[in-house]
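> Generate a structure from the sequence data that follows.
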Amino acid sequence: MKLIKIIVFLISISSFSQTWQNAPNIISNTNGTRFDDVFFLNDNLGWAANDSSAAVYKTTDGGLTWTEQLNNTILGSNHYFRNIEFLDENIGFLGTLNGKFYKTVDGGDNWNEVTITPNPPAICGLNAVGSSTVYGCGSFFEPAYIIKSIDSGDTCTYIDMSTYATALVEIKFLDELNGFAAGRNTTGAVVLKTTDGGTTWTTIYNATIAEEYIWKLQILDSNPNVMFGALFASAPNPGKLIKSTDGGVTWATFDAPEPAIEAVGFISETKGWMGGHNTGFFETTDGGATWTDLSIGGNLNRIFIIDSDLAYAAGTTIYKFT
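So this is what the prediction gives:
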C-alpha cells in the first residue's frame with residue numbers, strides 16, 4: 001500500500017510539471033529564420049507570424065493544430081511578417097518590414113492593406129486595446145513613429161516620434177490612453193510613457209550606451225505596476241533585463257543571458273524567461289538575478305504570457321509552456 005501511494009504521488013507531480021515544449025503540427029524554421037510573433041486571444045484561439053517565410057498560421061485548439069491562412073503566394077510579392085495582433089476573434093492586424101500594414105475582418109481568412117499617410121516603412125510593434133483602438137510603432141532600422149487607429153483600423157494616423165526617439169520596436173498600452181513605447185534614442189535604450197493616447201510622451205528609462213535597444217516590454221497582468229524590458233546590447237556588453245515595480249518610475253537592471261536579448265516574459269514578479277537570436281529559453285526564479293539554460297528553443301523573439309500556467313513563444317518554431 002505504501003509503495004502504491006508513492007507511485008501515485010510521483011505520477012501526480014509529473015502530471016502537474018510545467019515545461020516549454022515545441023508546439024506540434026507547425027513548421028520548424030531553418031537557416032536562421034524564425035516566427036517573429038505569436039498572439040492569443042484566449043487559451044485556445046491564436047495566430048503566429050513567420051518572418052521572411054511570410055506565413056500566418058491560426059490555431060483554435062491551443063496550438064495542437066495550425067492552419068496556414070496567408071503567405072507570399074497569396075499576396076503576390078515577398079514580405080517579411082513582423083507582428084500580429086487581434087482586437088477580437090474577427091478583427092486583426094499584421095505588421096511587416098515592407099511598408100505594408102494589413103487588416104482582417106474574418107479571423108485571418110482574408111487580409112487587405114491599410115492605407116496610412118505618410119506610409120511607414122515598417123511596423124515593428126503592435127498593440128490592440130479596448131474595443132476599437134490599435135497602436136503600432138517602428139522602426140528598428142529608423143526613423144521613429146507611431147500609428148494609431150480608434151476605428152478598428154479603418155483609418156490610421158501617423159505620429160512623428162523623432163522628438164523622443166530615433167527608433168521604436170515595442171508598444172504596450174494599459175488602456176486607450178495610458179501606454180508605453182520602447183526602442184532607442186541618441187543616448188541609448190529608451191522607454192517612453194504617454195497618458196493622453198500618444199499626443200505627448202515622457203522618457204521614463206534611458207540607458208547610456210548608444211545603439212542599444214529596449215526590444216520587448218511586458219506589463220505583468222496580475223500587477224500592472226510591474227514591468228519588464230529586454231535590452232538588446234552591443235557586444236561585448238551583456239544584454240539586460242530591466243524591471244520596474246512602480247509603473248516605470250524607477251528601474252532595476254540585471255545582466256541577461258546574452259547580448260542579443262530580445263524576448264522577455266514573466267508569470268510572476270520573480271519567475272520568467274528571456275531569450276534572443278542566439279539562445280533558447282533561460283529561466284529565472286529570483287527576478288532576474290540568476291538564469292538557468294533550459295536547453296530548449298532557439299532564436300526567440302516573443303514570449304506571450306496568458307496566465308501563470310500557460311504561455312506561448314515565437315522563435316525557430318512556436319513553443320508552449322503548460
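
> Beta-bridge partners for the closest residue to residue 118 other than its chain neighbours, please?
Nearest residue to residue 118 in three dimensions, chain neighbours excluded: residue 158, at 5.7 Å (CB to CB, 6 or more residues apart in numbering). All C-beta atoms are positioned from the backbone trio N, CA, C, and that covers glycine. Under DSSP bridges, the beta-bridge partners of residue 158 are residue 147.

> again, but for residue 135
Applying DSSP bridges, one finds that residue 135 bridges with residue 127, residue 148.

> Can you read off the pLDDT for it?
pLDDT recorded at residue 135 is 98.

> Could you give the number of residues near it?
By other CB atoms under 10 Å, 25 other residues sit near residue 135.

> wait, isn't it in contact with residue 179?
Yes - between residue 135 and residue 179 a contact is recorded at 6.8 Å, counting by CB atoms under 8 Å.

> hey, what's in contact with both of these two?
Counting by CB atoms under 8 Å, 6 or more residues apart in numbering, the residues touching both residue 135 and residue 179 are 127, 129, 171, 173, 198.

> Go through these and say which is closest to residue 216.
The closest of those to residue 216 turns out to be residue 171 (CB to CB; 10.6 Å).

> which residues touch that closest one?
So residue 171 contacts 125, 126, 127, 135, 136, 137, 146, 179, 180, 181, 182 (CB under 8 Å, 6+ apart).

> Now with 7 Å, please.
Residues in contact with residue 171 (CB atoms under 7 Å, 6 or more residues apart in numbering) are 125, 127, 135, 136, 137, 146, 179, 181.

> closest to residue 322 among those residues?
For those, the residue nearest residue 322 by CB to CB is residue 127; the value is 24.6 Å.

> For the closest one, give its distance to residue 279.
25 Å (CB to CB, to the nearest Å).

> ok, those two, which is more surrounded?
Set residue 127 next to residue 279 and count neighbours by other CB under 10 Å: residue 279 wins out with 24 against 21.

> Could you look up the SS state of that one?
coil (DSSP: H, G, I helix; E, B strand; the rest coil).

> Same question for residue 74.
Once three-state DSSP is applied, residue 74 turns out helix.

> I'd guessed residue 137 sits against residue 124; true?
Yes - counting by CB atoms under 7 Å, residue 137 touches residue 124, with 6.2 Å between them.

> Which one of these two is surrounded by more residues?
Taking neighbours as other CB under 10 Å, residue 137 and residue 124 compare with residue 137 leading, 33 against 24.

> Could I get the contacting residues of the closest residue to residue 231 other than its chain neighbours?
Setting aside the residues directly before and after it, residue 231 is nearest to residue 240 in space (CB to CB, 6+ apart), at 3.7 Å. By CB under 7 Å, 6+ apart, the contact list for residue 240 reads 231, 233, 253, 254, 255, 256.

> residues touching the nearest residue to the last one once chain neighbours are set aside, list them.
In space, and not counting its chain neighbours, residue 256 is closest to residue 239: 3.7 Å by CB to CB, 6+ apart. Contacts were defined as CB under 7 Å, 6+ apart; by that measure residue 239 touches 231, 232, 233, 256, 258, 259, 260, 261, 276.

> ok, now with 10 Å
Counting by CB atoms under 10 Å, 6 or more residues apart in numbering, residue 239 touches 212, 215, 230-233, 254-262, 274, 276, 279.

> Equivalent analysis for residue 269, please.
Going by CB under 10 Å, 6+ apart, residue 269 touches 220, 222, 223, 226, 228, 243, 245, 287.

> any low-confidence regions in this protein?
For the chain, the stretches flagged by pLDDT under 70 are 1-16.

> What are the neighbouring residues in contact with residue 198?
Residue 198 sits next to 135, 137, 146-148, 157, 159, 161, 171, 173, 176-177, 179, 181, 192 when contact means CB under 10 Å, 6+ apart.

> which among the residues you listed end up buried?
Neighbour-count burial (16 or more other CB atoms under 10 Å) is assigned, among the contacts of residue 198, to 135, 137, 146-148, 159, 161, 171, 173, 176, 179, 181, 192.

> Pipe those into CSV and attach distance to residue 301 per row.
Converted to CSV, the buried ones among the contacts of residue 198 look like this (distance: CB to CB, whole Å):
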residue, distance to residue 301
135, 19
137, 15
146, 20
147, 20
148, 24
159, 24
161, 22
171, 15
173, 20
176, 27
179, 21
181, 18
192, 21
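
> what's the farthest-apart pair in these?
Going by CB to CB, the pair spanning the buried ones among the contacts of residue 198 furthest: 161 and 176, at 18.4 Å.

> about what we covered before: mind listing the shared neighbours of residue 137 and residue 124?
Common neighbours of residue 137 and residue 124 (CB under 10 Å, 6+ apart) are 83, 95, 167, 168, 169, 170, 171, 183.

> from those residues, which single one is nearest residue 294?
Nearest to residue 294 out of these is residue 170 (CB to CB; 23.6 Å).
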